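structural data only, the sequence is not supplied:
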């Protein structure tokens, strides 16, 4: 536990050292919220609801989904790739903590930083300025928080997997961008999943990606019944376990391939 | 003649770029996929919105495809041949600009020639395909006027787009890490991928009069569809000339004041 605390603290210090990058990140998120806010506003000029969503609910959807999916551009995959490419991975492998634990600590730190300094302030500000709605009751809000916290596990395993790919190619930037884009679209971070054709929507609902954006936001807006909410959260947990097993197997295979360049 | 010399020089730079690309085929493939996926991400989002809601006002499915593809073509040309303006800050900090100054060719041409991303040319093939498909879908009869407009859009759109990037990246000559502003400009560029009409008048005005990115694709599309009274064919070269003029002046002033690094 103590180790985790220090890793989290370390991540916070790094984030504060690069505070400018953080402001740019906020600006980017704000622009993307605004674009989709205006797009939807335009759509709702000629209608009152879409698939059970009112204009206010869609505004809330845009704010929270854009915020949650803005995490996809970060993650530990970039740092992990850098370790592999620069050879620092040797040091990390020699440490008395497992490599995956170090990465997890950093990821949790990044997540907490995101929640404290971006998630909470931006969502409150945007909800007031753009006119969104609050959570649908305390129970749903609690479930929303649980769902968001579980999503760290989902993101973490996918990021480790993406990072591991850099054992095989040096172009980690291209892969990183692809990851960001694919995750935002598949998770419902860009538009709600119900806009996709029905078959596609059904599949995506049960994929791990939905657990990162679509599920929490739907719970927040009270779009799921209690039973549905619990089963979706259960599904998230199952996915975390499955991804964990798969990625760890891949990790053990890939780590044997480490070739550290001299110098 | 100087023209002949520059044409030859440019061909040599292109040859180097091509060789670089074929050197790492897997790398090239990853770049290509990541570029297309990134572009497709926003595209799928707005298409899903448009197809479920039956278009955005007067903007139908194919019109949105047209706007997106026209925007993407210009961006791809920029990435292919003008991407090195993003390295201006690095070149100034490391004093790499010196090399260009002692060679008997325009420093600007030399700078652009340094890096070419032919991968972007490949991705452009995809966008041009979508462009042709949407023109076909709209049922636009392509006559002399449309062809002239398309040619104008490719040339002047590129000049406006890359000219703006040049202007803001050239700020590095005076400000340390001035590329921050360029990154902000690039973030704002997201807006012009969508029909400007859906945004408030202030945003429309901003991208028309202050930062004329609207002329990169939005106004040419309006011109093609015959939806505007603006003389787009006359305005495009005028705006392009203005942007190019400002970019040239700023670049020259910056280069005049450039006095290498201390080391």
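Structure's in. What do you need? Just so you know, these numbers come straight off a predicted model, no measurement behind them.

quick one: neighbours of the residue in the stretch 1-150 of chain A positioned nearest to chain B, just the number.
Closest contact between the stretch 1-150 of chain A and chain B, by Cβ to the nearest Cβ, is at residue A:42 (3.9 Å). Yep, even glycine has a C-beta here, placed from its N, CA and C like the rest. Counted with other Cβ atoms under 10 Å in any protein chain shown, the neighbours of residue A:42 add up to 19.

surely it is in contact with residue B:55?
No - Residue A:42 lies out of contact with residue B:55 (Cβ atoms under 8 Å); the separation is 10.6 Å.

what's near enough to touch the nearest residue to residue A:166 once chain neighbours are set aside?
Distance criterion Cβ to Cβ, 6 or more residues apart in numbering or on different chains; nearest residue to residue A:166, sequence neighbours excluded, is residue A:81 at 3.6 Å. Each residue near residue A:81 by Cβ atoms under 8 Å, 6 or more residues apart in numbering or on different chains is listed here: A:163, A:166, A:172, A:175-176.

most neighbours among the residues you listed, please name it.
Counting neighbours by other Cβ under 10 Å, residue A:163 leads these with 27 neighbours.

isn't there a helix covering that residue?
Yes - assessed with DSSP: H, G, I helix; E, B strand; the rest coil, residue A:163 lies in a helix.

the closest residue to it other than its chain neighbours: neighbouring residues, count only.
In space, and not counting its chain neighbours, residue A:163 is closest to residue A:80: 3.1 Å by Cβ to Cβ, 6+ apart. Around residue A:80 there are 26 other residues, counting by other Cβ under 10 Å.

now the helix or strand residue A:80 falls within: buried residues?
Per DSSP states H and E: residue A:80 is located in helix A:77-86. Buried residues in helix A:77-86, defined by neighbour count with 16 or more other Cβ atoms under 10 Å in any protein chain shown: A:77-81, A:83-84.

so where do the helices sit in chain B?
Counting by DSSP state H, chain B has helices at residues B:2-23, B:25-53, B:61-81, B:88-94, B:97-102, B:107-114, B:118-138, B:144-170, B:179-188, B:201-205, B:218-225, B:232-257.

for residue A:214, find the nearest of those.
Closest to residue A:214 of these is helix B:25-53 (Cβ to Cβ; 13.4 Å).

the closest one: how far from the chain's middle?
Taking Cα atoms, centre = their mean, to the nearest Å, one finds the center of helix B:25-53 at 17 Å from the center of the full chain.

elements contacting that helix?
For helix B:25-53, the packing partners by 3 or more Cβ pairs under 8 Å, 6 or more residues apart in numbering or on different chains; DSSP states H and E come out as helix A:19-43, helix A:172-186, helix B:61-81, helix B:118-138.

repeat that for 10 Å
Counting contacts by 3 or more Cβ pairs under 10 Å, 6 or more residues apart in numbering or on different chains; DSSP states H and E, helix B:25-53 packs against helix A:19-43, strand A:49-50, helix A:172-186, helix B:2-23, helix B:61-81, helix B:118-138.

mean pLDDT for the ones you listed: which is lowest?
If you rank the helices and strands packed on helix B:25-53 by mean pLDDT, strand A:49-50 sits at the bottom with a mean of 84.

near chain B at all, that one?
Yes - Strand A:49-50 reaches chain B (Cβ under 10 Å from any Cβ of the partner chain) through residue A:50.

so what's the gap between that strand and the chain middle?
Its chain's average C-alpha position is 27 Å from that of strand A:49-50, according to Cα atoms, centre = their mean.
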